[in-house]
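Asker: Have a look at this prediction, sequence included:
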Amino acid sequence: MDKRDYYEVLGIGKGAGADEIKQAYRKLALKHHPDRVPAEEKKNAEEKFKEISEAYAVLSDEQKRSQYNQYGHAGIDQRYSYEDIFRGANFSDFSDIFRNMGFGGGGFGFSGADIFDTFFGGGRRSRQPRRGEDIEFHVSITLDDAAKGVEKEIEVPRTERCETCGGSGAKQGTRKSPCPKCHGSGQIQYVRRAGFMQFSQVITCDRCNGRGQIIETPCGECRGSGYVQRRRKINVKIPQGVDNGSVLRMREEGEHGEGGPGDLFVVIRVKEHPTILREGNDLYVDAPLSFAQAAMGGKVEVETIDGFESVKVPSGTQSHTRTRVHGKGMPILGRHGRGDLIVKFVVKTPEKLTRRQKELLEEFEKEPKS
Ligand SMILES: [Zn+2]
Ligand SMILES: [Zn+2]
């Protein structure tokens, strides 16, 4: 079965704005509303409703919409499950429409997840324990640290499983009892009639929050939640060659959750060095030269990231010319080898001269120019 173009389904142009998309969906949702179609058309109404709702779910989400614009249905189908399309969408502006369909009150929201469950049978919805959130943490280091690599201890505020009760939330020595509302399943099934459709919807039990058990005496440390806030010290090994904006991912060092911990993302900021400029893997330094050094050539010591580097000055060097020293730049992240050191010669003209210096320069000036 060929899928119709989402824009066509909603009867809008490719350039339609968010409001236009919303209005088109509202209009069609009302048109195909079970209360409004004649008996013989009711059969098709559900399919129609699904189709427009799917189109709306995709086009109202910026990311999914651009994916669809670029790659068509393939771009959506390969990337998202049918469930993902609906779960990510926001149907809250249409609560009036869905309320009319029998979804009013009772703590029902009108999220994409609800719509999905409604259309495709909530009974199949499995309640997966959620992983903890990822954490982003910023660390500033010096250019020297970035060149050599460094180990830093950071203190990350995060949610952790309570050690006192092992995350159960129950006070030590006390037990949990099965939830009387859901009888231990953690889920409650509602069957609702909405127009011609009968929906069965499974929602998480609000008494036990889906755990299926009730804590009689809560743990004093976490007050029964099973989780506590902590500032956790973590050692971060920052490798050689990191740059501003480099991100280190530390698996399972994020917030703890029922489905396991999330990850910690350490974002590196490399502070500016007072004399050395970095661009990619190359380093830039200035080498001041006296007028005589520049004219006669020789060697000059420049300060770089690992001490001093002796650089050859060709005779007759002009100010602001550059020389490149291969392999003396920044170490390359995750690889062997280094970038280059680029030295800019800057000829300093003396500002004060002794009598003797003046005599010598006058002498110099009298010489015929070569
Ligand atoms: Zn506890
Ligand atoms: Zn329960």
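Answerer: Everything's here; your move. All values derive from a computational prediction rather than experimental measurement. Ligands and ions are numbered 1, 2, ... in the order given.
Asker: From here on, just use CA atoms for contacts and neighbour counts.
Answerer: Will do.
Asker: looking at this structure, which helix or strand is least sure?
Answerer: Lowest on mean pLDDT, DSSP states H and E among the helices and strands of the chain sits helix 112-120, with a mean of 63.
Asker: following that helix, which helix or strand comes up?
Answerer: strand 135-141 (DSSP states H and E).
Asker: Pull up the pairing partners for that following strand, direction included.
Answerer: Strand 135-141 has the following sheet partners, assigned by DSSP bridges: strand 264-270 (parallel).
Asker: Residues contacting the partner strand from elsewhere in the structure, which ones?
Answerer: 134-143, 146, 242-254 (CA atoms under 8 Å, 6 or more residues apart in numbering).
Asker: Quick check: residues of the protein near ligand 2?
Answerer: Selection of the chain residues close to ligand 2 by CA under 5 Å from the ion yields 179, 181-182, 186, 205, 207-208, 212.
Asker: try 8 Å this time
Answerer: 178-188, 204-214 (CA under 8 Å from the ion).
Asker: Going by neighbour count, which of those residues are buried?
Answerer: 178-179, 181-182, 184-187, 204-205, 207-208, 210-214 (16 or more other CA atoms under 10 Å).
Asker: near ligand 1, which residues of the stretch 201-350 of the chain?
Answerer: Residues of the stretch 201-350 of the chain lying near ligand 1 (CA under 8 Å from the ion): 218-228.
Asker: Which among those residues count as buried?
Answerer: So, by 16+ other CA under 10 Å, the buried ones in those are 218-219, 221-222, 224-228.
Asker: does Glu362 sit in a helix, a strand or a coil?
Answerer: helix (DSSP: H, G, I helix; E, B strand; the rest coil).
Asker: Can you report how many residues lie near it?
Answerer: By the criterion of other CA atoms under 10 Å, Glu362 has 11 neighbours.
Asker: if I look at it, how far off is ligand 2?
Answerer: The gap separating Glu362 from ligand 2 is 99 Å, by CA to the ion, to the nearest Å.
Asker: what residue lies at the spatial centre of this protein?
Answerer: Residue closest to the mean C-alpha point of the chain, counted by CA atoms, centre = their mean, is Glu136 at 8.2 Å.
Asker: For the residue nearest to it when sequence neighbours are not counted, report the pLDDT, please.
Answerer: What sits nearest to Glu136 in space, not counting adjacent residues and going by CA to CA, 6 or more residues apart in numbering, is Phe265, at 4.8 Å. Reported pLDDT at Phe265 in the predicted model: 93.
Asker: same thing with Gly212?
Answerer: 86.
Asker: That one contacts Ile188, correct?
Answerer: No - here Gly212 lies out of contact with Ile188, judged by CA atoms under 8 Å, at a distance of 10.5 Å.
Asker: Walk me through the domains of this structure.
Answerer: Residue ranges for the domains of the chain, per automatic domain parsing: 6-120, 135-267, 277-366.
Asker: chain center to the first one: distance?
Answerer: For domain 6-120, the separation from the chain centroid amounts to 27 Å (computed by CA atoms, centre = their mean, to the nearest Å).
Asker: can you check the second one too?
Answerer: In terms of CA atoms, centre = their mean, the centre of domain 135-267 is set 18 Å apart from its chain centre.
Asker: Contacts made by the longest helix belonging to the chain with the rest, please.
Answerer: What stands out as the longest helix in the chain, according to DSSP state H, is helix 42-59. Helix 42-59 is contacted from outside by 6-7, 9-10, 21-22, 25, 28-29, 32-34, 37, 64-65, 68, 85-86, 88-90, 112, 119, 196, using CA under 8 Å, 6+ apart.
Asker: which among those residues end up buried?
Answerer: 6-7, 9-10, 21-22, 25, 28-29, 32-34, 64-65, 68, 85-86, 88-90, 112, 119.
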